[in-house]
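Chemist: Generate coordinates for the sequence data below:
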Amino acid sequence: MSQNEADYDSVRIAWERELENDRLLDLQDLELSGMVSCLSNTRIQLAKTKAEQELEASILTQEVMNLEFMIEDLLLLRKRKILAAAVANEDLQSDMTLQEEEFYNRLKRAFKAHQNFVDMTIAGKTGSETSSQEDDTSLPQQLPEDTDEEGYVLVRFLEPIEDKFIGLDEAEYGPYREEDLATIPAAIARTWLRDRIVARVVPEGLERNESSDGYEQRQSD
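Modeler: Predicted coordinates:
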């Protein structure tokens, strides 16, 4: 079995497992990146197939179509499960991609704000009071702390970053060694997760400020 065949089977198995389970299964950014790479490699193989290789071209075309369907359906299945969990105010324990977790957190905040609107309405609050109370629950009370929770990600570096760089927050980051842990802006993390420069770290039972303290200590080393 070739590497691409093994990758194809991995996509199929992940899709079938998600389809057969009611609960949200684990899916990390690196695993999803591997699925996307499998699709890209199959497309490249198809593009390189010679005109006279009709059978091989037909097989590869079907594989591309299958991969496109399975990956899309996998993500749509997961979206429906995440939405259902948010509606039920359920705390998901499964590993999610960064994009999925952001989607889940936004949904939870939106449903919480709407429930607050309902509660305040029943309590006889005016529209302006209800709106003000919604703003208090949906917007951060302490902007720096909430910005860290929503806009920054704890990652482990799989490859070194030798140069310092400036984030959109105008803060300076880097350099980083392989296996370093750091909290970096989510916008940068998305790209590096896709390129397999970093792996996401989700510490259990740790407060966000503890992660920041660890990062500051790492920076000072």
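Chemist: Which residue ranges make up the domains of this structure?
Modeler: 3-87, 97-139, 142-221 (automatic domain parsing).
Chemist: Assumed Ile184 was part of a strand.
Modeler: Yes - using DSSP: H, G, I helix; E, B strand; the rest coil, the assignment for Ile184 is a strand.
Chemist: what pairs with it across the strands?
Modeler: With DSSP bridges as the criterion, Ile184 is bridged to Val153.
Chemist: any weak-confidence spans in this protein?
Modeler: The chain contains residues with pLDDT under 70 at 1-2, 126-150, 168-170, 203-221.
Chemist: could you list every residue that touches the residue nearest the centre of it?
Modeler: Among the residues of the chain, the one closest to the centroid is Leu98, at 1.7 Å (CA atoms, centre = their mean). Residues near Leu98 by CB atoms under 8 Å, 6 or more residues apart in numbering: 29, 153, 186, 189-190, 193, 200. To be clear about C-beta, it is placed using only N, CA and C from the backbone, and glycine gets the same treatment.
Chemist: Just the strands from this structure, written as ranges.
Modeler: With DSSP state E applied, the chain shows strands at 152-157, 165-166, 172-173, 181-185, 198-200, listed in chain order.
Chemist: Show me what the fourth one is packed up against.
Modeler: Spelled out, it's strand 181-185. With contacts taken as 3 or more CB pairs under 8 Å, 6 or more residues apart in numbering; DSSP states H and E, strand 181-185 sits against strand 152-157, strand 172-173, helix 208-220.
Chemist: The second one now?
Modeler: In this structure, strand 165-166 packs against strand 172-173, with contacts taken as 3+ CB pairs under 8 Å, 6+ apart.
Chemist: Parallel or antiparallel, list what pairs with the strand it packs on.
Modeler: strand 165-166 (antiparallel).
Chemist: from the chain's centre, how far out does the partner strand sit?
Modeler: Distance, stretch centre to chain centre, for strand 165-166: 23 Å (CA atoms, centre = their mean, to the nearest Å).
Chemist: Check stretch 110-128 too.
Modeler: With CA atoms, centre = their mean, you get 31 Å for stretch 110-128.
Chemist: likewise stretch 183-195?
Modeler: Offset of stretch 183-195 from its chain centre (CA atoms, centre = their mean): 10 Å.
Chemist: can you check stretch 89-106 too?
Modeler: For stretch 89-106, the separation from the chain centroid amounts to 8 Å (computed by CA atoms, centre = their mean).
Chemist: Any buried residues in it, and which?
Modeler: 92, 95-98, 100-104 (16 or more other CB atoms under 10 Å).
Chemist: Quick one: end-to-end distance for it.
Modeler: Separation of the first and last residues of stretch 89-106 by CA to CA, to the nearest Å is 12 Å.
Chemist: start the count at 54, not 1, going forward
Modeler: Renumbered: residue one is now 54, and that last one reads stretch 142-159.
Chemist: which parts of the helix ranked longest in the chain are buried?
Modeler: Longest helix in the chain by number of residues, with DSSP state H as the criterion: helix 107-140. Residues of helix 107-140 classed as buried by neighbour count (16+ other CB under 10 Å): 110, 113, 116-117, 119-120, 123-124, 127-128, 130-131, 134-135, 138-139.
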